[in-house]
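Below is the sequence, then the predicted model.
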Amino acid sequence: MATDRRPVALVTGAAGGIGGAIASALGAAGFDIVLTDRDISPLDVLKERLDAVEVRSTAIGYDLTDDHARENFVEAAFAAFGGVDCLVNNAGVSVMSRGDILDVTPESFDRCVAVNLRAQFFLTQAVARRMIGRSSSRRRTIVTVTTVAVDHHVGRVLAEYCISKAGLSHSVQHWAARLDREGIDCYEVRPGMMKTDMTATTRERYDALIASGFVPAARWGDIGEVGRAVALLARGELSYATGQTLHIDGGMRFKVF
């Protein structure tokens, strides 16, 4: 396998704000980018932004829950720039309706588990298998984006979302334990309060929490900070830290007294 090409990153959920920030940060770090989302039409703007700074990128439409299309999608992703050196599991869906756990519907629960956990587990499996089957002089990386609300925090109106992300978080440890010997490092990134479409309906509530001291940094997080964290891990410079979690949460996990 040629080693003179640039490293390549595959970013899922690239049409969202955090996905775009991750792609931009990886581009700045020297990666070519394969962008994917279920609907790729919103990716045109991101591609233009990457083109403007001379970052090569391509967009491939794919519904992560489609088992039958997965292998063809992974093959296309690897073929785009001659390989994939970093997978970023960023895609995710929120609850269908925020509310009491007693009112969670099977449809909302199943949707969160299908996209946030099951689909990402099997995409990671497919990408890892292909990485193992292709020799490389580089350390490869798999970075999974979860949420601050999987440990020490309980989202009262997001039960099924948090539960699915907690399972995804735990899966990172299993992948790290299995793939280290294959030259693949696995990490988790946990964003805190970020201004995204997912938090748009709760801005006032979160503003009040920040003002009350719930976030020691006393501010919202910037999605660019998530992007830069992913890029740091993707470069493969922290291989002895495989399986670790990087908290981009302004200190929300602390219990300050």
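Looks like it arrived, so ask away. Numbering: from 1, shown residues only.

Give me the distance between residue 246 and residue 119.
Using CB to CB, to the nearest Å, we find residue 246 at a distance of 23 Å from residue 119. The C-beta positions use only the backbone N, C-alpha and C, and glycine is treated the same way.

And these two? Which one has more around it.
residue 119 (23 against 18; other CB atoms under 10 Å).

Check which residues of stretch 122-130 are buried.
123, 124, 126, 127, 128, 130 (16 or more other CB atoms under 10 Å).

Run through the strands of the stretch 151-257 of the chain in chain order.
In the stretch 151-257 of the chain, the segments counted as strands under DSSP state E, counting those that start in this stretch are 184-191, 245-248.

so what does the last one touch, helix or strand wise?
Meaning strand 245-248. strand 184-191, helix 223-234 (3 or more CB pairs under 8 Å, 6 or more residues apart in numbering; DSSP states H and E).

Would you point to the one among the ones you listed that's packed deepest?
strand 184-191 (a mean of 25; mean count of other CB atoms under 10 Å).

Put the alpha carbons of that one into PDB.
C-alpha atoms of strand 184-191 as PDB (Å, rounded to 0.1, in the frame of the first residue of the first chain):
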ATOM      1  CA  ILE A 184      -5.900   1.000  15.500                       C
ATOM      2  CA  ASP A 185      -6.500   3.400  18.400                       C
ATOM      3  CA  CYS A 186     -10.000   4.100  19.600                       C
ATOM      4  CA  TYR A 187     -11.100   7.100  21.600                       C
ATOM      5  CA  GLU A 188     -14.300   8.700  22.800                       C
ATOM      6  CA  VAL A 189     -15.000  12.500  22.700                       C
ATOM      7  CA  ARG A 190     -17.800  13.800  25.000                       C
ATOM      8  CA  PRO A 191     -19.100  17.200  24.100                       C
END
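
what angle separates it from helix 223-234?
160 degrees (axes from the mean of the first three to the mean of the last three CA atoms, to 10 degrees).

Pull up the pairing partners for strand 184-191, direction included.
Using DSSP bridges, strand 184-191 pairs in its sheet with strand 140-145 (parallel), strand 245-248 (parallel).

that older thread, out of the helices and strands packed on strand 245-248, flag the one nearest residue 105.
Between residue 105 and these, the shortest separation by CB to CB is 26.1 Å, and it involves strand 184-191.

roughly how far is that closest one from the heart of the chain?
Here strand 184-191 is found 8 Å from its chain centre; the criterion is CA atoms, centre = their mean, to the nearest Å.

Then stretch 126-135?
19 Å.

cool, stretch 249-257 as well?
With CA atoms, centre = their mean, you get 22 Å for stretch 249-257.

Stretch 35-53 now?
16 Å.

Buried ones in it, by neighbour count?
Neighbour-count burial for stretch 35-53 [16+ other CB under 10 Å]: 35, 36, 37, 38, 40, 43, 46, 47, 50.

Make TSV from the buried residues of stretch 122-130 and add secondary structure and pLDDT to it.
Conversion of the buried residues of stretch 122-130 to TSV gives the following (DSSP: H, G, I helix; E, B strand; the rest coil; pLDDT from 0 to 100):
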residue	secondary structure	pLDDT
123	helix	98
124	helix	98
126	helix	98
127	helix	98
128	helix	98
130	helix	98
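
nearest to residue 59, of those residues?
residue 123 (16.5 Å).

can you tell me which residues contact that closest one?
Applying CB atoms under 8 Å, 6 or more residues apart in numbering, we find residue 123 in contact with 12, 64, 70, 74, 87, 89.

before we move on, what SS does the second one have?
Judged by DSSP: H, G, I helix; E, B strand; the rest coil, the three-state class of residue 64 is coil.

ok, it touching residue 115?
Yes: Residue 64 is in contact with residue 115 according to CB atoms under 8 Å; the separation is 6.2 Å.

anything in contact with each of these two?
residue 91.

the more surrounded of those two?
Shown here are residue 64 and residue 115; by other CB under 10 Å, residue 64 has more neighbours (25 against 20).

Appreciated, that's everything.
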